[in-house]
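>>> can't give you the sequence, but here's the structure:
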């Protein structure tokens, strides 16, 4: 019996020693965390760039692709002309024969390019000069273009035949939304600003009143009689 107890004790001692000498297992490696790859075709993030706002008056227009045929002053016609609304957030229309708001519909047709250019220039002008009154617009072209002479009232137009010409009233000093009746009523600073902006927008002609002394590139900004109340813009 004593021998059996001795043997059991020796076995327990050996087991304890063996257990104490067994090395502690190393911890499992932590998996490396990597950023998920950007899916193919996903654009990299870029800081937003300030873009000019779209003129709000675009929403009221039934846009379609137009064609200017012939010349501004000879055998001109307008195919699929775009109608300028009678009033907008940035503009009003003025009938040069009846001398009132609005201008009649059949006098308010132009190419889509002309109307986009004019409304963009006017919107950016009024955005910068927040206190400026809406800009007055008189004649563009007739519904399908063609002659627009004295038989249509007043002095008529030698051009305005193919949807590329438009008459813009000068801003008045008193802020009234009406046609200036004399050069002294015109805000020449704002008038020059409009001239500069139409030139920058690519106008090929800007006819201005001789009494206003407005400036611009030679052969583009041209003084012309009967233009002391409005500027005449022509686009390509």
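Arrived safely. Just so you know, these numbers come straight off a predicted model, no measurement behind them.

>>> use CA for all of it now, contacts and neighbours both
Fine.

>>> low-scoring stretches of this structure, by residue?
1-52 (pLDDT under 70).

>>> can you give me the helices in it?
2-21, 112-128, 188-200 (DSSP state H).

>>> got the buried residues for the shortest one?
Residues of helix 188-200 classed as buried: 188, 190-192, 194-199 (neighbour count, 16 or more other C-alpha atoms under 10 Å).

>>> Redo the residues you listed as JSON lines? Include distance to residue 79.
As requested, these are exported to JSON lines (distance: C-alpha to C-alpha, whole Å):
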{"residue": "188", "distance to residue 79": "36"}
{"residue": "190", "distance to residue 79": "34"}
{"residue": "191", "distance to residue 79": "31"}
{"residue": "192", "distance to residue 79": "32"}
{"residue": "194", "distance to residue 79": "28"}
{"residue": "195", "distance to residue 79": "28"}
{"residue": "196", "distance to residue 79": "29"}
{"residue": "197", "distance to residue 79": "27"}
{"residue": "198", "distance to residue 79": "24"}
{"residue": "199", "distance to residue 79": "26"}
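
>>> of the residues you listed, closest to residue 61?
Within the buried residues of helix 188-200, the smallest distance to residue 61 is 20.9 Å, found for residue 198 (C-alpha to C-alpha).

>>> contacting residues for that closest one?
118, 121, 206, 233 (C-alpha atoms under 8 Å, 6 or more residues apart in numbering).

>>> make it 10 Å
Residues in contact with residue 198 (C-alpha atoms under 10 Å, 6 or more residues apart in numbering) are 117-118, 120-122, 192, 204-206, 221, 233-235.

>>> quick one: it from residue 231, how far?
10 Å (C-alpha to C-alpha, to the nearest Å).

>>> so what sits against both of the two?
205-206, 221.

>>> check contacts around residue 185.
Neighbours of residue 185 in contact, by C-alpha under 10 Å, 6+ apart: 170-176, 179, 229.

>>> Let's see if you can find the most crowded of those.
Highest neighbour count within the contacts of residue 185: residue 170, with 29 neighbours (other C-alpha atoms under 10 Å).
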